[in-house]
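Q: need a 3D model of the sequence below.
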Amino acid sequence: MAKDCKLWELFKAFFKIGALTFGGGYAMMPVMRREVVEKKGWVEDDDILKILIISESTPGVLAVNSATFIGYKIAGFKGSLIATLGVILPSFIIISIISLFIIEFKQLTWVTYAFYGIQAGVAILITRAALKLSKKIHFNLFSIVVLIAAFLVALLTDISVIYILILSALAGIIYGMLINVREAKHHVA
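A: Predicted coordinates for the structure are as follows:
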């Protein structure tokens, strides 16, 4: 019974996250963090940062990947299935209802203006989530250089963020290997 209760709590939490999030996966992260870190205590901020990195690095939608990872961490395969279902069901329901009235809905000017406001709010949510998660990053000269380089490449080119992530990961691996070689030489000497 306790496991069923945990699965039900997991479904409710992710249904709420899916229902209250506009603007995609990044906009969902502060809502998800508040729900699963602050309210439920299921994961920690470090886990959210890792989940964000893994979700961004793997194929698929960020919201679904994040829900799947957190669900699995909490309750295994059933948890991943329930959390994923919970996060996608609200969008499915809303889109199904909107599709019935799309022609009339698109013609309402207040809907257009509402989405302008939502876009501004989403930008704030993403910025706030980035600031909170950046507190968990271990900054050093290397990470600052990679951060600035990745930001400039993303801003000034059309290179996919996936390639930027891969190159950043490779740079991190090379950096780590160089540190290990330097430390090994230091211990030998």
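
Q: quick one, strands of this protein?
A: Taking DSSP state E as the test, none of the chain falls into strands.

Q: show me the domain layout of it.
A: Domain assignment for the chain, taken from automatic domain parsing, gives 2-137, 138-189.

Q: got those domains as a markdown table, with mean neighbour count columns?
A: C-beta coordinates here come from the backbone N, C-alpha and C atoms, glycine included. Shown next, in a markdown table, are those (neighbours: other Cβ atoms under 10 Å):
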| stretch | mean neighbour count |
| --- | --- |
| domain 2-137 | 16 |
| domain 138-189 | 11 |
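
Q: go ahead and confirm residue 69 touches residue 51.
A: Yes - counting by Cβ atoms under 8 Å, residue 69 does reach residue 51; the two are 4.8 Å apart.

Q: so how far is the biggest helix by length in the chain off the chain centroid?
A: Taking DSSP state H as the assignment, the helix of the chain that covers the most residues is helix 62-100. Offset of helix 62-100 from its chain centre (Cα atoms, centre = their mean, to the nearest Å): 13 Å.

Q: just checking, what packs against that helix?
A: Where contact means 3 or more Cβ pairs under 8 Å, 6 or more residues apart in numbering; DSSP states H and E, helix 62-100 is packed against helix 2-20, helix 25-33, helix 45-57.
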